[in-house]
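# After the sequence you'll find the predicted model.
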Amino acid sequence: MPALHNDVFDDGLNALTNNTENLHILSLDPGVVWANIAAGLLGTKAAPTISAPADRTAGGREVTLSATTLGQVNATGTATHFALTDDSEVTVLVSGPLDESQVVTAGNTFALPEITIGIPDPVSA
């Protein structure tokens, strides 16, 4: 397996830092399929804060989505997943499960703890 310079990892992670427009909470796993956002959307936080790439404890690089407060809940349900989207490009940049699901009610706000998103170092065969 070839070794990769941190710049290679950082270019990928900078897509999150530079292009994320919205953080969504969802009732389903959207993967990277845009249509799934509408299907499971429960709430949105515009312009979430994402750190610059940094060393990952287990090797590789990572960014951190800061703890979020005052996200707007648009529909009642159980949030099980999150997604970061570039709405201008109609792209799901990353999605994943929440550490803990949460029941949300339309008209209220939601909060999430910080979420770390990383790329591990390659593993030799």
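Thanks, I have it.
# Check what pLDDT the spatially closest residue to residue 103 that is not a sequence neighbour gets.
Once flanking residues are discounted, residue 103 sits nearest to residue 78: 5.3 Å by Cβ to Cβ, 6 or more residues apart in numbering. Glycine gets a C-beta too; all of them are placed from N, C-alpha and C. On pLDDT, residue 78 comes in at 98.
# Could you tell me how many residues sit around residue 78?
For residue 78, the number of neighbouring residues by other Cβ atoms under 10 Å comes to 13.
# for residue 32, same thing?
Neighbours around residue 32, by other Cβ under 10 Å: 12.
# The nearest residue to it once chain neighbours are set aside sits in which helix or strand?
Once flanking residues are discounted, residue 32 sits nearest to residue 92: 4.5 Å by Cβ to Cβ, 6+ apart. Using DSSP states H and E, residue 92 falls within strand 91-104.
# can you point me to the longest helix in the protein?
In the chain, with assignment by DSSP state H, the single longest helix is helix 6-19.
# buried residues in stretch 31-42?
Neighbour counts over stretch 31-42 (16 or more other Cβ atoms under 10 Å) mark 36, 37, 40, 41, 42 as buried.
# related to what we said a few turns ago, what's the mean pLDDT across the strand holding residue 92?
Mean pLDDT, strand 91-104: 97.
# how far out from the middle of the chain is it?
In this view, strand 91-104 has its centroid 7 Å away from the chain centroid, taken as Cα atoms, centre = their mean, to the nearest Å.
# ok, which stretches of this protein are strands?
22-26, 41-46, 54-55, 61-65, 68-73, 77-86, 91-104, 109-112, 115-119 (DSSP state E).
# Give me the contacts around the fourth one.
So the one you mean is strand 61-65. With contacts defined as Cβ atoms under 8 Å, 6 or more residues apart in numbering, strand 61-65 is touched by 6, 9-10, 13, 16-17, 23, 48-56, 84, 112, 114-119.
# what's near enough to touch residue 44?
For residue 44, the contact set (Cβ under 8 Å, 6+ apart) comprises 22, 23, 24, 25, 71, 72, 74.
# could I get those residues as JSON lines with pLDDT?
Putting the contacts of residue 44 into JSON lines (pLDDT from 0 to 100) gives the following:
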{"residue": "22", "pLDDT": "98"}
{"residue": "23", "pLDDT": "98"}
{"residue": "24", "pLDDT": "98"}
{"residue": "25", "pLDDT": "98"}
{"residue": "71", "pLDDT": "97"}
{"residue": "72", "pLDDT": "98"}
{"residue": "74", "pLDDT": "97"}
